[in-house]
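S.K.: everything below, folded, please.
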Amino acid sequence: MTKVAIIGAGIVGAAIAYELSKVTGLEITLIDRDRPASGSTGAALGVLMGAISHKTKGRAWQLRQRSLERYETLIPELETLTGKQIAVNRQGIVKLLFEGDCLDKWQQLQAIRRDRGWQLSIWERADLRDRCPQIDNDKIIAAVYSPQDRQINPTMLTEALVAGAAQNGVKCQFGVKVQDASTKNDKTDLRYCYQIETTEGNLEIDWLVVAAGLGSTPLTDTLKQSVDIRPVLGQALKLKLDNNLGNPDFQPVITGEDVHLVPLGNGEYWLGATVEFPQEDGQEIIAQSQLLEQVRQKAIAFCPAIAEAKIISTWSGKRPRPQNQPAPIIGLLPGYNNVLLATGHYRNGVLLAPATAEEVKQFVYESLAERLSN
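M.R.: Have a look, this model is predicted:
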């Protein structure tokens, strides 16, 4: 059996554990110092901006496309396997366009998506008013509707992934910290991690997958090959109204000026999120209430009824953003032949988790095939 340890049980680590659990010949352990989805995953809004993003080629689009396609099969697959229901909004995303937005670029994107089998509709103001009467702002010039994009509850999804992985034989160790790692050189002078030391004892491994978000940096420090990932804070809030906004039968995610209004049903909505960087390197980020209020005011500017909503709760989370390289980081840790990084997804962890899991699965699968051939 090939022994695989996955560190991090957020959405990315959980997705990797689940996909690897379907590969024969693996003995998998999923480790987290806390409970699943307790980090940035638990603070995410779960808005999957894939087809409506301006990414059209290369790795950035390929990851999005593969994830969106996998989600269509993954959700029913998990619900059948685990019996857990996962909250999914399949009514798409409406992006509001304001004065100064270039309509030509959206028309070009619409044509590109159409050629590849993805739908985007461009609505004039009258169309928007008819479909989403709760939206009211004179500076809105049009809207783009993406019916194939989704919104998923990140915590529910992560819990289902963990449950599915466990049912398939993955050993889950939560509340367990990784303290050290033992390495040696292989025949090619690359490093090889053969054991990790945890608070529950030592674990021999053939593959180590680091999917720990902000916790990835101290883990790679232990391996003497540091990867610099830094926090960006995001705040969000939950609102309650007497009734659903606008058309009760059409409740898509609405996004405008980088503010997401996420319907939850029964007049409840998530609203977010701020993007807060540390003022200096290494400085702790403290959530600023005035920035969250600015998000609320932006929402009120395009959806005035939000002003009457009761704030039920607020929360914040730190997103893992790589320094000096694009997000996310997926691949071998430099200098190692059996340590895989699947981290630093910044604001797209939920969106890109399925494609990330597929890439990690392919790495491990190819390694198994090579071992068998030799």
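S.K.: could I get the average pLDDT for stretch 235-250?
M.R.: Stretch 235-250 comes out with an average pLDDT of 97.
S.K.: for that stretch, buried residues please.
M.R.: With burial defined by 16 or more other C-beta atoms under 10 Å, the residues of stretch 235-250 counted as buried are 235-239, 241, 244-246. No exception for glycine: its C-beta is placed from N, CA and C like everyone else's.
S.K.: now, which of these sits nearest F174?
M.R.: For the buried residues of stretch 235-250, the residue nearest F174 by C-beta to C-beta is A236; the value is 24.6 Å.
S.K.: residues near the closest residue to that closest one other than its chain neighbours, how many?
M.R.: Leaving aside its chain neighbours, A236 sits nearest to G272 (2.9 Å; criterion: C-beta to C-beta, 6 or more residues apart in numbering). G272 has 27 neighbours, counted by other C-beta atoms under 10 Å.
S.K.: cool, and G13?
M.R.: When counting by other C-beta under 10 Å, one arrives at 34 neighbours for G13.
S.K.: quick revisit: among the buried residues of stretch 235-250, which one lies nearest to P328?
M.R.: Ranked by distance to P328 (C-beta to C-beta), these are led by A236 at 21.2 Å.
S.K.: quick revisit: what bridges to the residue nearest to A236?
M.R.: G272 forms beta bridges with A236, H260, as assigned by DSSP bridges.
S.K.: which one is G10 nearest to, not counting chain neighbours?
M.R.: Spatial nearest neighbour of G10, excluding adjacent residues (C-beta to C-beta, 6+ apart): T41 at 3.9 Å.
S.K.: the one you found against A15, yeah?
M.R.: No. If you go by C-beta atoms under 8 Å, T41 and A15 don't touch, sitting 10.4 Å apart.
S.K.: of these two, give the one with the bigger neighbour count.
M.R.: More crowded of T41 and A15, by other C-beta under 10 Å: A15, with 33 against 26.
S.K.: now do the strands in the stretch 101-250 of the chain.
M.R.: Ranges of strands in the stretch 101-250 of the chain, per DSSP state E, counting those that start in this stretch, are 121-124, 140-146, 150-152, 171-174, 178-185, 191-198, 201-204, 207-210, 229-240.
S.K.: quick check: pLDDT value at R319.
M.R.: R319 is assigned a pLDDT of 97 by the prediction.
S.K.: pull the distance from stretch 310-321 to the chain's centre.
M.R.: Chain-centre distance of stretch 310-321: 15 Å, with C-alpha atoms, centre = their mean, to the nearest Å.
S.K.: what's in contact with it?
M.R.: The contact list for stretch 310-321 (C-beta atoms under 8 Å, 6 or more residues apart in numbering) reads 39-40, 42-44, 213-214, 216, 229-241, 268, 274, 285, 287, 292, 327, 343-347, 349.
S.K.: which positions in it come out as buried?
M.R.: Buried residues in stretch 310-321, counting neighbours by 16+ other C-beta under 10 Å, are found at 315-321.
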